[in-house]
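Enquirer: just the structure for this:
(one chain, ligands or ions: 1)
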Amino acid sequence: MDIEQFRKAGYQAIDRICDYYYSLQNRPVISKVEPGYLKQHLPLTAPEKGEDFQVIADDYQKFIVPGLTHWQHPSFFGYFPTACTFEGIIAELYATSTSNPGFNWTSSPACTELEALVMDWAAQLLGLSAAFLNSSGIGGGSLQTTASDSALISVVAARSLYQQTHPDAKLEDLVIYTTTQTHSLGLKAGLVLGLSVRALEVKSEDRFSLKGETLRIALEEDEKQGKKPFILIATVGTTSSGAIDNLPEIKAVVKDHPSLWIHVDAAWAGVAMSCPENREKCFLNEINEFANSFCTNFHKWGLVNFDASTLWVRNRKHLTDALDVTPPFLRSTHGDAGTVIDYRNWHLALGRRFRSLKLWFVLRSFGAEGFRAYIRRTIALNQQFADFIATSDILSLVTPPSLALSVFRIEPKRNSPDQVALSTESLNSLNRLFYGRISARDDILLTQTVLNGVHCIRFAVGAARTESSHIQAACDLLHTEAKLAIEAWEP
Ligand code: PLP
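Expert: Prediction:
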């Protein structure tokens, strides 16, 4: 493809992307293709002779788009939001156009300098303390691929710090603390690093939030047995129910355990702190006072296209002590002088994507005001959904709505005290049937979870195009499906 052919194909691609967004709400949310569908359409080996690009572009429409689940669809309420924006799409195009692995300052000064700057913008947007800013020269922020990478890097840094301060500690005694509600990233970090993971129990009456007392007892038990808990992965906004671990209580406990690194995973919920009214509920003060590292994904609820996981650390030296490997071919004058950030020492790989460009485009184009307006709008849409559940006679919230997430299930309200309550088992089987009906549809997407044995359904709002009318349509649909599930149910 030469430059003029690229120009033509590029214009066509943008036109087709616009058509995609215009037609999005008329498409099914979920792809209904069967496993292996693509093999029926594509050859099993790459072509020997190059093909005409128009044919390739048309095949994308013909074979790939039908196999996509449309996360930007206004009736997508599954998993977590991935609200991408046109600003982000354009930034990705520019970023990929120079295909620049910008791993240290010298290899592409703009990549490092923009990342350092916009990470400070993002930190200030969320209300993070000046200690986390790149401009502090001590703490700092970087863009990672995912919250799982951010957690893994934090565990690696915490382990290295622990080993520096406890040179006699044996690797097999080190323990990563999570809770039963922590995302699988905790277990995965343990798996990758060959470290034990202890998932602390949380209770439904505490809304699945980790209590200080649970942590204190576990620390005492483990330390008595010679175990070395060295990091706690706390969560602000768990995946299943949006639970927020009790950071004030945790802070009081870790005063007596200063070697415990606190990583706060706020993968989907953290961007809510851009609005001052959400900061207390997300324990921003405590994050600022004692978290060693904090992560939120702007690629989830933060209007930035995947991937843009923002990770801040209170002390960048803990990252670089753990991750700096500098062979002669990577040395540079500025790196040696320590006058620049070399982001290659802040993550696992060498090369880095130029992710800061999309964060910069989005934050400038929306402004803090526009960003906050979007967050507030989605929280209000979730409240609209939660209000509907609260007034339903057959559906109930399992936990109070958390920011943009509601967790609910069929639980018919009892009309009289004589009416016998259904057992958890019965309700679970009814709700499995209900969820089976919802997931068989292609015009809406919700995901399920189990909270301490209770089968529930999650409703996560956040697609940039979701309006009040889509919430209303979802309420009507869920009400009808719930009634049909109850009618079809045989206890
Ligand atoms: N942490 C929480 C609380 C999440 O909800 C999720 C995604 O569902 C993750 C981590 C995983 O994020 P990532 O795919 O960026 O690793």
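Enquirer: for residue 466, which non-adjacent residue is closest in space?
Expert: Using C-beta to C-beta, 6 or more residues apart in numbering and skipping residues adjacent in sequence, the residue nearest residue 466 is residue 74, 4.4 Å away. (C-beta placed from N, C-alpha, C; glycine too.)
Enquirer: just the element for that neighbour, please.
Expert: Counting by DSSP states H and E, no helix or strand carries residue 74.
Enquirer: any idea how far the ligand is from it?
Expert: Going from residue 74 to the ligand by C-beta to the nearest ligand atom, to the nearest Å gives 20 Å.
Enquirer: please apply the same query to residue 412.
Expert: According to C-beta to the nearest ligand atom, residue 412 and the ligand sit 30 Å apart.
Enquirer: check the secondary structure at that residue for me.
Expert: What DSSP: H, G, I helix; E, B strand; the rest coil gives for residue 412 is coil.
Enquirer: over to residue 178?
Expert: Using three-state DSSP, the structure places residue 178 in strand.
Enquirer: so what's the nearest residue to it once chain neighbours are set aside up against?
Expert: Spatial nearest neighbour of residue 178, excluding adjacent residues (C-beta to C-beta, 6+ apart): residue 186 at 3.5 Å. Going by C-beta atoms under 8 Å, 6 or more residues apart in numbering, residue 186 touches 151, 176, 178, 197, 199, 233.
Enquirer: picking up where we left off before, residues near the residue nearest to residue 466, how many?
Expert: 19 (other C-beta atoms under 10 Å).
Enquirer: was I right to think it contacts residue 25?
Expert: Yes: between residue 74 and residue 25 there is a contact at 5.4 Å, judged by C-beta atoms under 8 Å.
Enquirer: who touches both of those two?
Expert: Joint contacts of residue 74 and residue 25 (C-beta under 8 Å, 6+ apart) are residue 465.
Enquirer: on the three-state scheme, residue 251 is what?
Expert: Assignment for residue 251 (three-state DSSP): helix.
Enquirer: that one and residue 216, how far apart?
Expert: With the distance defined as C-beta to C-beta, to the nearest Å, residue 251 ends up 12 Å from residue 216.
Enquirer: list residues touching both of these two?
Expert: Joint contacts of residue 251 and residue 216 (C-beta under 8 Å, 6+ apart) do not exist.
Enquirer: ok, and the closest non-adjacent residue to the spatially most central residue of the chain?
Expert: In the chain, the centroid-proximal residue (C-alpha atoms, centre = their mean) is residue 267; its distance is 3.6 Å. Here the nearest residue to residue 267 in space, its sequence neighbours aside, is residue 147; by C-beta to C-beta, 6+ apart that works out to 3.8 Å.
Enquirer: list the contacts for that neighbour?
Expert: Per C-beta under 8 Å, 6+ apart, neighbours of residue 147: 183, 185, 265, 267, 295, 296, 297, 309.
Enquirer: residues in the stretch 201-350 of the chain within reach of the ligand, list them.
Expert: 235, 237, 238, 239, 265, 267, 268, 297, 309 (C-beta under 6 Å from any ligand atom).
Enquirer: mind putting the contacts of residue 186 in a markdown table, neighbour count, distance to residue 273 and pLDDT included?
Expert: Listed next are the contacts of residue 186 as a markdown table, based on neighbours: other C-beta atoms under 10 Å; distance: C-beta to C-beta, whole Å; pLDDT from 0 to 100:
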| residue | neighbour count | distance to residue 273 | pLDDT |
| --- | --- | --- | --- |
| 151 | 28 | 18 | 98 |
| 176 | 26 | 25 | 98 |
| 178 | 26 | 22 | 98 |
| 197 | 18 | 27 | 98 |
| 199 | 16 | 26 | 98 |
| 233 | 27 | 18 | 98 |
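Enquirer: and which of these is nearest to the ligand?
Expert: Nearest to the ligand among the contacts of residue 186, counting by C-beta to the nearest ligand atom, is residue 151 at 7.4 Å.
Enquirer: tell me the secondary structure for that closest one?
Expert: Applying three-state DSSP: residue 151 is helix.
Enquirer: mind checking the pLDDT average for stretch 374-381?
Expert: Averaged across stretch 374-381, pLDDT comes to 98.
Enquirer: now tell me what touches it from outside.
Expert: By C-beta under 8 Å, 6+ apart, stretch 374-381 touches 81, 83, 271-272, 274-275, 278, 301, 303, 366, 403-404, 461-462, 464, 466-468, 471.
Enquirer: show the buried residues in those residues.
Expert: Neighbour-count burial within those applies to 81, 83, 271-272, 274-275, 278, 301, 303, 366, 403-404, 461-462, 464, 466, 471; the criterion is 16 or more other C-beta atoms under 10 Å.
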